[in-house]
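1. mind folding the following:
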Amino acid sequence: MQELVNIFVKSIFIDNMVFAYFLGMCSYLAVSKNVKTAVGLGIAVIFVLGVTLPANYLLHKYVLSEGALVWLNPEYASLDLSFLSFIIFIAVIASMVQLVEMVVEKFSPGLYSSLGIFLPLIAVNCAILGGSLFMQERGYETLAEATVFGLGSGLGWFLAIVALAAIREKLSYSNVPAPLRGLGITFIVVGLMGIAFMSFMGIKL
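-> Numbers count the residues shown, from 1 in each chain. As a prediction, the model looks like this:
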(Lines give C-alpha, C1' and ligand atoms only; values in the text may rest on other atoms or scores of the structure.)
Protein backbone atom coordinates (compact mmCIF):
# COMPACT_ATOMS: atom_id res chain seq x y z
CA MET A 1 0.00 0.00 0.00
CA GLN A 2 2.81 2.37 0.89
CA GLU A 3 4.43 1.74 -2.50
CA LEU A 4 1.19 2.72 -4.26
CA VAL A 5 0.99 5.94 -2.24
CA ASN A 6 4.61 6.69 -3.12
CA ILE A 7 3.95 6.17 -6.84
CA PHE A 8 0.82 8.34 -6.67
CA VAL A 9 2.47 11.26 -4.86
CA LYS A 10 5.62 11.06 -6.97
CA SER A 11 3.68 11.08 -10.26
CA ILE A 12 1.73 14.19 -9.20
CA PHE A 13 4.46 16.37 -7.78
CA ILE A 14 7.96 15.03 -8.42
CA ASP A 15 7.53 13.46 -11.88
CA ASN A 16 4.85 15.90 -13.04
CA MET A 17 4.29 15.41 -16.78
CA VAL A 18 4.33 19.15 -17.48
CA PHE A 19 6.95 20.53 -15.13
CA ALA A 20 9.38 17.59 -14.97
CA TYR A 21 9.19 16.28 -18.54
CA PHE A 22 7.47 19.12 -20.48
CA LEU A 23 4.98 16.70 -22.03
CA GLY A 24 1.61 17.85 -23.35
CA MET A 25 2.70 21.48 -23.58
CA CYS A 26 0.77 22.28 -26.79
CA SER A 27 -2.70 21.72 -25.33
CA TYR A 28 -1.47 22.86 -21.90
CA LEU A 29 -0.70 26.36 -23.22
CA ALA A 30 -3.58 26.57 -25.69
CA VAL A 31 -6.48 25.47 -23.45
CA SER A 32 -5.40 27.19 -20.23
CA LYS A 33 -7.09 30.52 -20.98
CA ASN A 34 -10.02 29.94 -18.62
CA VAL A 35 -10.58 27.62 -15.69
CA LYS A 36 -13.78 25.95 -16.90
CA THR A 37 -12.22 24.74 -20.15
CA ALA A 38 -9.03 23.71 -18.34
CA VAL A 39 -11.02 21.64 -15.82
CA GLY A 40 -12.87 19.88 -18.65
CA LEU A 41 -9.69 18.98 -20.51
CA GLY A 42 -7.93 18.02 -17.27
CA ILE A 43 -10.69 15.58 -16.31
CA ALA A 44 -10.56 14.10 -19.81
CA VAL A 45 -6.79 13.60 -19.50
CA ILE A 46 -7.20 11.95 -16.06
CA PHE A 47 -9.78 9.56 -17.51
CA VAL A 48 -7.74 8.70 -20.59
CA LEU A 49 -4.55 8.11 -18.56
CA GLY A 50 -6.45 6.18 -15.89
CA VAL A 51 -7.96 3.83 -18.48
CA THR A 52 -5.21 3.49 -21.08
CA LEU A 53 -2.31 2.79 -18.71
CA PRO A 54 -3.89 -0.33 -17.16
CA ALA A 55 -4.98 -1.50 -20.63
CA ASN A 56 -1.51 -0.94 -22.07
CA TYR A 57 0.06 -2.60 -19.02
CA LEU A 58 -1.98 -5.75 -19.63
CA LEU A 59 -1.14 -5.70 -23.33
CA HIS A 60 2.55 -5.23 -22.56
CA LYS A 61 2.66 -7.98 -19.95
CA TYR A 62 0.52 -10.61 -21.65
CA VAL A 63 0.98 -9.89 -25.37
CA LEU A 64 3.92 -7.65 -26.31
CA SER A 65 6.88 -8.42 -24.03
CA GLU A 66 9.26 -11.29 -24.69
CA GLY A 67 7.70 -14.62 -23.72
CA ALA A 68 4.38 -12.96 -22.86
CA LEU A 69 2.42 -15.26 -25.17
CA VAL A 70 3.59 -18.42 -23.45
CA TRP A 71 0.12 -18.67 -21.88
CA LEU A 72 -1.24 -19.12 -25.39
CA ASN A 73 1.25 -21.73 -26.52
CA PRO A 74 4.62 -22.85 -25.07
CA GLU A 75 6.10 -22.52 -28.56
CA TYR A 76 5.76 -18.73 -28.27
CA ALA A 77 8.14 -18.50 -25.30
CA SER A 78 10.83 -16.78 -27.39
CA LEU A 79 8.43 -14.49 -29.27
CA ASP A 80 9.00 -10.77 -28.67
CA LEU A 81 6.40 -8.30 -29.99
CA SER A 82 7.68 -5.28 -28.07
CA PHE A 83 8.49 -3.53 -31.37
CA LEU A 84 4.72 -3.10 -31.78
CA SER A 85 4.38 -1.19 -28.50
CA PHE A 86 4.12 2.28 -30.06
CA ILE A 87 1.41 1.25 -32.53
CA ILE A 88 -0.63 -0.72 -29.99
CA PHE A 89 -0.37 1.94 -27.28
CA ILE A 90 -1.46 4.69 -29.68
CA ALA A 91 -4.37 2.56 -30.94
CA VAL A 92 -5.64 2.06 -27.37
CA ILE A 93 -5.22 5.76 -26.59
CA ALA A 94 -7.04 6.81 -29.78
CA SER A 95 -9.95 4.47 -28.94
CA MET A 96 -10.34 5.93 -25.45
CA VAL A 97 -10.10 9.49 -26.73
CA GLN A 98 -12.83 8.77 -29.28
CA LEU A 99 -15.03 7.51 -26.44
CA VAL A 100 -14.33 10.62 -24.35
CA GLU A 101 -15.06 12.86 -27.33
CA MET A 102 -18.45 11.24 -27.92
CA VAL A 103 -19.41 11.48 -24.23
CA VAL A 104 -18.39 15.16 -23.96
CA GLU A 105 -20.21 16.07 -27.18
CA LYS A 106 -23.33 14.29 -25.95
CA PHE A 107 -23.50 15.64 -22.38
CA SER A 108 -21.61 18.95 -22.56
CA PRO A 109 -21.84 20.58 -26.01
CA GLY A 110 -20.55 23.88 -24.62
CA LEU A 111 -17.39 22.29 -23.25
CA TYR A 112 -17.00 20.32 -26.48
CA SER A 113 -17.14 23.56 -28.45
CA SER A 114 -14.70 25.30 -26.08
CA LEU A 115 -12.13 22.53 -26.32
CA GLY A 116 -12.38 22.46 -30.10
CA ILE A 117 -9.61 20.58 -31.87
CA PHE A 118 -7.71 19.98 -28.63
CA LEU A 119 -10.14 17.30 -27.44
CA PRO A 120 -9.42 14.82 -30.28
CA LEU A 121 -5.77 15.89 -30.08
CA ILE A 122 -5.57 14.16 -26.68
CA ALA A 123 -4.89 11.09 -28.81
CA VAL A 124 -1.56 12.59 -29.85
CA ASN A 125 -0.91 14.38 -26.54
CA CYS A 126 2.63 13.27 -25.71
CA ALA A 127 1.75 13.23 -21.99
CA ILE A 128 -0.69 10.36 -22.65
CA LEU A 129 1.75 8.27 -24.69
CA GLY A 130 4.55 9.28 -22.33
CA GLY A 131 2.63 7.75 -19.43
CA SER A 132 2.45 4.37 -21.17
CA LEU A 133 6.11 4.51 -22.18
CA PHE A 134 7.20 5.45 -18.65
CA MET A 135 5.08 2.57 -17.33
CA GLN A 136 6.88 0.22 -19.72
CA GLU A 137 10.34 1.65 -18.97
CA ARG A 138 9.97 1.59 -15.18
CA GLY A 139 8.68 -1.98 -15.21
CA TYR A 140 5.76 -1.66 -12.81
CA GLU A 141 5.07 -5.13 -11.47
CA THR A 142 1.33 -5.00 -10.84
CA LEU A 143 -1.78 -3.65 -12.50
CA ALA A 144 -2.47 -1.55 -9.39
CA GLU A 145 0.89 0.22 -9.72
CA ALA A 146 0.25 1.03 -13.39
CA THR A 147 -3.27 2.29 -12.61
CA VAL A 148 -2.11 4.47 -9.71
CA PHE A 149 0.69 5.90 -11.86
CA GLY A 150 -1.83 6.73 -14.62
CA LEU A 151 -4.26 8.43 -12.25
CA GLY A 152 -1.45 10.32 -10.50
CA SER A 153 0.04 11.51 -13.79
CA GLY A 154 -3.39 12.66 -14.97
CA LEU A 155 -4.06 14.46 -11.70
CA GLY A 156 -0.66 16.17 -11.90
CA TRP A 157 -1.43 17.39 -15.42
CA PHE A 158 -4.90 18.49 -14.24
CA LEU A 159 -3.47 20.53 -11.35
CA ALA A 160 -0.90 22.13 -13.64
CA ILE A 161 -3.40 23.27 -16.28
CA VAL A 162 -6.04 24.46 -13.78
CA ALA A 163 -3.44 26.43 -11.82
CA LEU A 164 -2.16 28.09 -15.00
CA ALA A 165 -5.71 28.85 -16.17
CA ALA A 166 -6.53 30.52 -12.84
CA ILE A 167 -3.39 32.64 -13.04
CA ARG A 168 -4.07 33.60 -16.68
CA GLU A 169 -7.60 34.69 -15.78
CA LYS A 170 -6.18 36.99 -13.12
CA LEU A 171 -3.53 38.26 -15.53
CA SER A 172 -6.23 39.38 -17.95
CA TYR A 173 -7.16 42.07 -15.39
CA SER A 174 -3.54 42.99 -14.67
CA ASN A 175 -1.45 45.75 -16.20
CA VAL A 176 0.96 43.53 -18.14
CA PRO A 177 3.50 45.37 -20.34
CA ALA A 178 2.42 45.25 -23.99
CA PRO A 179 5.40 43.17 -25.27
CA LEU A 180 4.66 40.45 -22.70
CA ARG A 181 0.91 40.13 -23.19
CA GLY A 182 -0.39 36.74 -24.30
CA LEU A 183 2.09 33.92 -24.56
CA GLY A 184 5.00 36.05 -23.35
CA ILE A 185 3.79 36.40 -19.78
CA THR A 186 2.40 32.84 -19.95
CA PHE A 187 5.85 31.41 -20.64
CA ILE A 188 7.26 33.37 -17.70
CA VAL A 189 4.51 32.09 -15.39
CA VAL A 190 5.00 28.49 -16.56
CA GLY A 191 8.73 28.80 -15.91
CA LEU A 192 8.11 30.08 -12.39
CA MET A 193 5.60 27.28 -11.75
CA GLY A 194 8.16 24.76 -12.98
CA ILE A 195 10.75 26.16 -10.56
CA ALA A 196 8.16 25.99 -7.75
CA PHE A 197 7.43 22.33 -8.51
CA MET A 198 11.17 21.59 -8.40
CA SER A 199 10.93 22.12 -4.63
CA PHE A 200 9.01 18.82 -4.40
CA MET A 201 12.08 16.96 -5.62
CA GLY A 202 13.37 17.15 -2.06
CA ILE A 203 10.60 14.80 -0.89
CA LYS A 204 12.02 11.43 0.13
CA LEU A 205 9.67 8.58 -0.71
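
2. give the buried residues for the lowest-mean-pLDDT helix or strand in the chain.
-> Least confident helix or strand, the chain: helix 109-115 with a mean of 81, by mean pLDDT, DSSP states H and E. By 16 or more other C-beta atoms under 10 Å, the buried positions in helix 109-115 come out as 111, 112, 114, 115. Backbone N, C-alpha and C define where each C-beta goes, glycine included.

3. over to stretch 175-188?
-> Of the residues in stretch 175-188, 185, 186 count as buried by neighbour count, 16+ other C-beta under 10 Å.

4. that one: end-to-end distance?
-> 15 Å (C-alpha to C-alpha, to the nearest Å).

5. please apply the same query to stretch 66-83.
-> Stretch 66-83 has an end-to-end distance of 10 Å (C-alpha to C-alpha).

6. average model confidence for it?
-> On average, the pLDDT along stretch 66-83 is 86.

7. nearest residue to residue 97 other than its sequence neighbours?
-> The shortest distance from residue 97 to any non-neighbouring residue, by C-beta to C-beta, 6 or more residues apart in numbering, is to residue 123 (4.2 Å).

8. outside of the one helix or strand residue 87 maps to, which residues touch it?
-> Using DSSP states H and E, residue 87 maps to helix 85-107. Around helix 85-107, the neighbours that count as contacts under C-beta atoms under 8 Å, 6 or more residues apart in numbering are 40, 44, 47-48, 51-52, 55-56, 59-60, 63-64, 111-112, 115, 119-120, 122-123, 128-129, 132-133, 136.

9. one more: stretch 11-18?
-> By C-beta under 8 Å, 6+ apart, stretch 11-18 touches 20-21, 23-25, 28, 127, 130-131, 134, 148-149, 152-153, 155-157, 159-161, 194, 197, 200-201, 203, 205.

10. need phi/psi at the residue nearest to residue 97.
-> phi -60, psi -30 (degrees, to the nearest 10).

11. now it: how far from residue 94?
-> 4 Å (C-beta to C-beta, to the nearest Å).

12. who has more neighbours out of the two?
-> Ranked by neighbour count (other C-beta atoms under 10 Å), residue 123 and residue 94 place residue 123 first, with 19 against 16.

13. show me what contacts the more buried one?
-> So residue 123 contacts 90, 93, 94, 97, 98 (C-beta under 8 Å, 6+ apart).

14. now the residues you listed: which count as buried?
-> 90, 93, 94, 97.

15. quick one: end-to-end distance for stretch 64-74.
-> 15 Å.

16. from the chain's centroid, how far away is it?
-> Its chain's C-alpha centre and that of stretch 64-74 lie 29 Å apart, by C-alpha atoms, centre = their mean, to the nearest Å.

17. surely residue 118 and residue 27 touch.
-> Yes: counting by C-beta atoms under 8 Å, residue 118 touches residue 27, with 4.7 Å between them.

18. so what sits against both of these two?
-> Counting by C-beta under 8 Å, 6+ apart, the contacts common to residue 118 and residue 27 are residue 41.

19. who has more neighbours out of the two?
-> residue 27 (23 against 17).

20. give the contact list for that one.
-> The contact partners of residue 27, by C-beta under 8 Å, 6+ apart, come to 41, 118, 121, 122, 125.
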